[in-house]
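K.L.:
okay, predicted coordinates and the sequence, questions at the end:
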There are 2 protein chains.
Amino acid sequence: MGSTSQRRKRATIHDVAVEAGISRGTVSRVVNGERYVSEAARTAIEDAIAKVGYVPNTAARNLVMQKTQAVGFIVHEPHSLFLNDPNIGEILLGANASLSDADYQMVCLVIDSDRDTDRVARYLSGGFVDGAIIVSARKNDPITRVVSGLDLPAVFVGHPPELDDVPFVGIDNRGSAAAITSRLLETGRRRVGMIAAALDRDSGADRLAGFTDALGDHFDPRLVVEVPLYEYSAGVTGMRELLAREPNIDGVFAASDAVAAGALEAIREAGLSVPGDIGIVGFDDSSWAARCSPQLSTIHQPAGSLGRRAAETVLAQLRGDEVKLGGILLDTPIIWRDSA
Amino acid sequence: MGSTSQRRKRATIHDVAVEAGISRGTVSRVVNGERYVSEAARTAIEDAIAKVGYVPNTAARNLVMQKTQAVGFIVHEPHSLFLNDPNIGEILLGANASLSDADYQMVCLVIDSDRDTDRVARYLSGGFVDGAIIVSARKNDPITRVVSGLDLPAVFVGHPPELDDVPFVGIDNRGSAAAITSRLLETGRRRVGMIAAALDRDSGADRLAGFTDALGDHFDPRLVVEVPLYEYSAGVTGMRELLAREPNIDGVFAASDAVAAGALEAIREAGLSVPGDIGIVGFDDSSWAARCSPQLSTIHQPAGSLGRRAAETVLAQLRGDEVKLGGILLDTPIIWRDSA
DNA sequence: TTGTAGGCGTTATCAA
DNA sequence: TTGATAACGCCTACAA
């Protein structure tokens, strides 16, 4: 028993016109709800539409209208990050909300291999979308090249590496990191270290820089351990390493909440207490933060707002508004809870 | 300083043809790498393409080719679920992998409101995709109606409510739930309860049914507490309730790993130990499972494979192959760890 | 208020 | 090997 039920050809405006005995022009008017259509014609056409099961072919419409009412949301992340990053989902939802309000369809394109990169580049070039929101671009990214070559209205979430004259929305990772580190210092901790992650990316490097800023003369490179990704497991190993290097450590800035959660685990397994023995702070204010015990003191990353602002920025470009190049930085309040 | 750099009109095949002094037909052949083009013509055209910055308009191509090489991946979930469900991401990646191999573009459409539903329905009808993969359809879902009205090649992930004669790929929630409950029973637990979640969905209802099956005569409705979603916080409250109803409970089947993780927290806060006092098992084998302490005994849900199989199923339909209606059920091995 | 016809950017058929 | 030319399905002046 197969599903081979003759896939019948889709009805076109022409079919409707024939069925209703009225010209295609008028059918088109009815479909698009325009004025100047007689009641008689309208009902006849509506009947015909129902009868032949007509549904407009948007691709054809786009071709003639030269626009698609769609915006691409491009996520370029390796598996593990895409699945674990607590922010991407919120950014996506925020962007979708704004786009949806403006009656634009968000089309999410996932890049997970070089083949994907090429195909997405083609897709973008193909005129399927009127604009693009790009999350976590890489340096020397073909996508970036395509976008600027086409001068497709686009906005980046996070500072695109090596690109300064493009609109982007992000946060001040460095300043935020410095702020929460200072706050941690103010609680009287003397030996504070950092589990730095993702140093190959702006966010990671900036958070480390902020940490360094805040420590000033007290900065001790031995108290910084580097891990590859913003991951729970990286937090565990990172913290173990830190403890090995400096058993008397009493404060830790983890590069993200997930890392902090892992660190908590390592501290617990070492028989130490938080915040008693060690004060620890994270970054993101993701669901990890409230779920840990004790709950994490952290930096709030306004992921939903990032998505919304990004969407609004491309929408503005689409409208033809002036858009300021360079970054829009959103606020990142410190959320002080129990872990420090 | 605005970004108002005259968005110049995109070059078309026609422009290239004029520039190269050759007909559009030949240009098209070059673009599509066909044979029977003289070297001279080819290089002339390639130069012209580079000169005018030509990039094919895929929308136009699709119109005439009557296909798009794209498949929609439709996620219909409320915010919190979409962000927290550990499976969706893996399903998406699995589907993308298969689609990518077949040189299809996956376009992910997120439905987050009624407006979204309508727009996605339009998008699907619009001829932008050749097929669709639908995750977590609702009963009486407009999307489902559109898909079947269009008879667009489609496959569901999970059993679509009230629909039996459509292809879908899923797992045997009921059997799996019964299996792990039995396994828990075999460890000698006498008072075992369940934190049942998402009973308004097939997966949730089936897991409860499986639990009931396994318990047989020993089933005690007082030991089942219902929570709305597969969430950590639901696990915390659910477990507290269970403990309140039956302080001597010594076994728990949580409807998902996230729920189990929450239950662990509630058990800890009650001063009880796992697996000493209470044995607990989960469902999903998501990242929660390995992250808990003790690590969770659970059912492995093959999310990546679900995505791949789903993609292969629509790809098969696209090829015109016979596709068996009804479900393909994937294996769900028990992963026995430390929590029971 | 309605019909006609041209064009959107490609591909594909068929002569040349 | 190449060039016309007709679709593809739709919108939109323009004319009636």
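P.N.:
Received it, and whenever you're ready, just let me know what you need.
K.L.:
and for residue A:324, the neighbour number?
P.N.:
12 (other CB atoms under 10 Å in any protein chain shown). C-betas here are computed from N, CA, C, even on glycine.
K.L.:
you'd agree it is in a strand?
P.N.:
No - the assignment for residue A:324 (DSSP: H, G, I helix; E, B strand; the rest coil) gives coil, which keeps it out of a strand.
K.L.:
just give the nearest non-adjacent residue to it, would you?
P.N.:
In space, and not counting its chain neighbours, residue A:324 is closest to residue A:167: 6.8 Å by CB to CB, 6 or more residues apart in numbering or on different chains.
K.L.:
likewise residue A:20?
P.N.:
In space, residue A:20 comes closest to residue A:48 once its chain neighbours are excluded; the distance is 3.7 Å by CB to CB, 6+ apart.
K.L.:
in terms of helices and strands, where is the residue in the stretch 201-340 of chain A that DNA strand C sits nearest to?
P.N.:
Of all residues in the stretch 201-340 of chain A, residue A:318 sits closest to DNA strand C, with a separation of 17.9 Å (CB to the nearest atom of the strand). Following DSSP states H and E, the helix or strand that holds residue A:318 is helix A:303-319.
K.L.:
do the helix or strand just after that helix and chain B come into contact?
P.N.:
Counting by DSSP H and E, the element after helix A:303-319 in chain order, helix or strand, is strand A:326-330. No - judged by CB under 8 Å from any CB of the partner chain, strand A:326-330 makes no contact with chain B; its nearest approach is 8.8 Å.
K.L.:
all helices of the stretch 201-340 of chain A, in order?
P.N.:
In the stretch 201-340 of chain A, the segments counted as helices under DSSP state H, counting those that start in this stretch are A:202-215, A:232-245, A:257-269, A:287-291, A:303-319.
K.L.:
most tightly packed of those?
P.N.:
Among the helices of the stretch 201-340 of chain A, judged by mean count of other CB atoms under 10 Å in any protein chain shown, the one packed with the most neighbours on average is helix A:257-269 (a mean of 24).
K.L.:
quick check: angle from that helix to helix A:232-245?
P.N.:
For helix A:257-269 and helix A:232-245, the angle between their directions (axes from the mean of the first three to the mean of the last three CA atoms, to 10 degrees) works out to 50 degrees.
K.L.:
for chain B, see how far away residue A:89 is.
P.N.:
Spatial separation of residue A:89 from chain B under the definition CB to the nearest CB, to the nearest Å is 4 Å.
K.L.:
pLDDT value on that residue, please?
P.N.:
pLDDT, residue A:89: 87.
K.L.:
again, but for residue A:248
P.N.:
Residue A:248 is assigned a predicted lDDT (pLDDT) of 95.
K.L.:
which residue packs closest to it, ignoring adjacent ones?
P.N.:
Leaving aside its sequence neighbours, residue A:248 sits nearest to residue A:191 (CB to CB, 6+ apart; 5.6 Å).
K.L.:
need the contact list for that neighbour.
P.N.:
Residues touching residue A:191, when contacts are defined by CB atoms under 8 Å, 6 or more residues apart in numbering or on different chains, comprise A:223, A:246, A:248-251.
K.L.:
please repeat the previous calculation with a cut-off of 10 Å.
P.N.:
Neighbouring residues of residue A:191 by CB atoms under 10 Å, 6 or more residues apart in numbering or on different chains: A:218, A:220, A:223, A:246-252, A:278.
K.L.:
for these, give me CSV that also has neighbour count and distance to DNA strand C.
P.N.:
Rendered in CSV, the data for the contacts of residue A:191 read as follows (neighbours: other CB atoms under 10 Å in any protein chain shown; distance: CB to the nearest atom of the strand, whole Å):
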residue, neighbour count, distance to DNA strand C
A:218, 11, 61
A:220, 13, 59
A:223, 21, 57
A:246, 15, 62
A:247, 10, 66
A:248, 9, 67
A:249, 20, 61
A:250, 21, 64
A:251, 22, 59
A:252, 32, 56
A:278, 26, 61
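K.L.:
just the ones of those in strands?
P.N.:
Within the contacts of residue A:191, membership in strands is found for A:251-252, as judged by DSSP state E.
K.L.:
which two from the contacts of residue A:191 end up farthest apart in space?
P.N.:
For the contacts of residue A:191, with distances taken as CB to CB, the pair at the greatest spread is A:218 and A:247 (18.3 Å).
K.L.:
in the stretch 1-150 of chain A, which spans are helices?
P.N.:
In chain order, the stretch 1-150 of chain A shows helices spanning A:13-20, A:24-31, A:39-52, A:58-65, A:79-84, A:86-101, A:114-125, A:142-149, with DSSP H, counting those that start in this stretch as the criterion.
K.L.:
lowest-confidence stretch among those helices?
P.N.:
Comparing mean pLDDT over the helices of the stretch 1-150 of chain A, the weakest stretch is helix A:79-84, at a mean of 70.
K.L.:
tell me the span between the first and last residue of stretch A:316-332.
P.N.:
Start-to-end span of stretch A:316-332 (CA to CA, to the nearest Å) is 24 Å.
K.L.:
kindly report the same for stretch A:25-42.
P.N.:
Using CA to CA, the gap from the first to the last residue of stretch A:25-42 comes to 12 Å.
K.L.:
how far does that stretch sit from the chain's center?
P.N.:
42 Å (CA atoms, centre = their mean, to the nearest Å).
K.L.:
hmm, who's touching that stretch?
P.N.:
Contacts for stretch A:25-42 (CB under 10 Å, 6+ apart): A:12-23, A:43-46, A:48-49, A:54-56, A:61.
K.L.:
what pairs with the residue lying closest to residue A:73 once chain neighbours are set aside across the strands?
P.N.:
Nearest-residue entry for residue A:73: residue A:108, 4.5 Å, with adjacent residues in sequence omitted and distances by CB to CB, 6+ apart. Beta-bridge pairing of residue A:108 under DSSP bridges involves residue A:73, residue B:108.
K.L.:
residues touching residue A:108, list them.
P.N.:
A:72-75, A:92, A:95-96, A:133, A:135, B:73, B:75, B:92, B:106-110.
K.L.:
can you pull the pLDDT of it?
P.N.:
Note on residue A:108: pLDDT of 91.
K.L.:
so is stretch A:52-60 next to DNA strand D?
P.N.:
Yes - legend: contact between stretch A:52-60 and DNA strand D by CB under 7 Å from any atom of the strand is shown at A:54, A:56-57, A:60.
K.L.:
and the stretch 201-340 of chain A, which of its residues are near chain B?
P.N.:
The stretch 201-340 of chain A has residues A:231-233, A:236, A:261-262, A:265, A:268-269, A:286-287, A:290-291, A:293, A:303-304, A:316-317, A:320-326 near chain B, with proximity defined as CB under 10 Å from any CB of the partner chain.
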